[in-house]
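*Asks:* coordinates for the following, if possible.
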Amino acid sequence: MSSLTATAQVTDDQMRRYAKMIYDVAGIEISPAKKQLLSNRIRRRLKESGITDFEQYYNFLKKLPISHAEWDGFLQEVTTHETYLFRDDSNWNWLRGTFLPEFQKTGKNALRIWSAACSTGDEAYSIATCIADGLRNPAAWRVQILGTDIGVGAVQDAQEAKFNERAMRLVPDALKRRYFSQLGGATIWEPNAKLRSMTKFRQHNLLDRLAEPSFDLVFLKNVLIYFNADSKKRVMHNVEQVMKPGSYLVAGAAEGIGDLMGGFDRIHPWLYLRK
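*Replies:* Presented below is the predicted three-dimensional model:
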């Protein structure tokens, strides 16, 4: 069988079946308008797997258990978008300038945060950097930042925590020098032991309930845009169940969740307070 050309696309029927399969497994909706994008990303998996045909690859996936490594690679390929540290200034200005000062006034010394679609850990380590730099007497605090992602490979990358210059481009120089180090003078950066001690990562599907104690702050950004209305409702129910009353949710401004936030007060287009 000959290899696909660099511009080959899935047929409309294959697009429909691939989209249904992705939705059934991950709750992520792929619209017909993304046919070219999906085709491009599947072709990368074909190259990795040695399969040369869209139909053959579809049948291959259907026969595999969801726990198989190829499923992980496939889901990462079709859902991954660019990620980098300190994305969206408004979030970090609020975390450092409002949330942390207010939280420290409560007299508590334990803080739990969930990065609910952490990808390769960029968001979780941005959170950890802000916390480490903003706490008074940080040694007296117990800070736990949980990062979860549907992709096992993404979680492994987050645990390894090696960031290139592009991923680090928005980290302020002072924070970069204080909390990160370069590997052998190269263009790869890694967080210091303090940041690593705050963070842990594991695989999790947002359609499932998270078996964890409740959180004071949740980041849920740039992921719900992939879900349809029913899946968004299910995800938001699961998220709400692990948030303490008075906790905050940081979401993407374009996530389309306004009508699902009955248990929250809206503070900003991207910020909600759990009632």
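*Asks:* for the rest of this, base every contact and every neighbour count on C-alpha atoms.
*Replies:* Will do.
*Asks:* how far does stretch 88-101 sit from the chain's center?
*Replies:* 19 Å (Cα atoms, centre = their mean, to the nearest Å).
*Asks:* list the contacts of it.
*Replies:* Applying Cα atoms under 8 Å, 6 or more residues apart in numbering, the contact partners of stretch 88-101 are 86, 127, 130-131, 134-135, 250.
*Asks:* what residue is smack in the middle of the protein?
*Replies:* A117 (2.2 Å; Cα atoms, centre = their mean).
*Asks:* list the contacts for that one?
*Replies:* Here A117 is in contact with 147-150, 219-221, 223 (Cα under 8 Å, 6+ apart).
*Asks:* so for it, what pLDDT did the model give?
*Replies:* Per-residue confidence at A117 stands at 91 (pLDDT).
*Asks:* doesn't it belong to a helix?
*Replies:* No - using DSSP: H, G, I helix; E, B strand; the rest coil, the assignment for A117 is coil, not a helix.
*Asks:* what two of the contacts of A117 are the furthest from one another?
*Replies:* Within these, I150 and F219 form the most distant pair, 15.2 Å apart (Cα to Cα).
*Asks:* hmm, back to that, now the residue nearest to the centre of the chain: how far from I150?
*Replies:* Note on A117: its distance to I150, by Cα to Cα, to the nearest Å, is 8 Å.
*Asks:* which neighbours do the two have in common?
*Replies:* Between them, A117 and I150 share no contacting residue, judged by Cα under 8 Å, 6+ apart.
*Asks:* quick one: the helices in the stretch 51-200 of the chain?
*Replies:* Assigned by DSSP state H, counting those that start in this stretch, the helices in the stretch 51-200 of the chain fall at 54-63, 69-79, 89-94, 100-104, 122-134, 152-160, 173-179, 193-198.
*Asks:* out of those helices, flag the one nearest M15.
*Replies:* That would be helix 54-63 among those, by Cα to Cα, at 9.8 Å.
*Asks:* how deep is R45 tucked in, by neighbour count?
*Replies:* 18 (other Cα atoms under 10 Å).
*Asks:* list the contacts of it.
*Replies:* Contacts of R45 (Cα under 8 Å, 6+ apart): 73-74, 77.
*Asks:* dihedrals phi and psi, L249?
*Replies:* phi -120, psi 120 (degrees, to the nearest 10).
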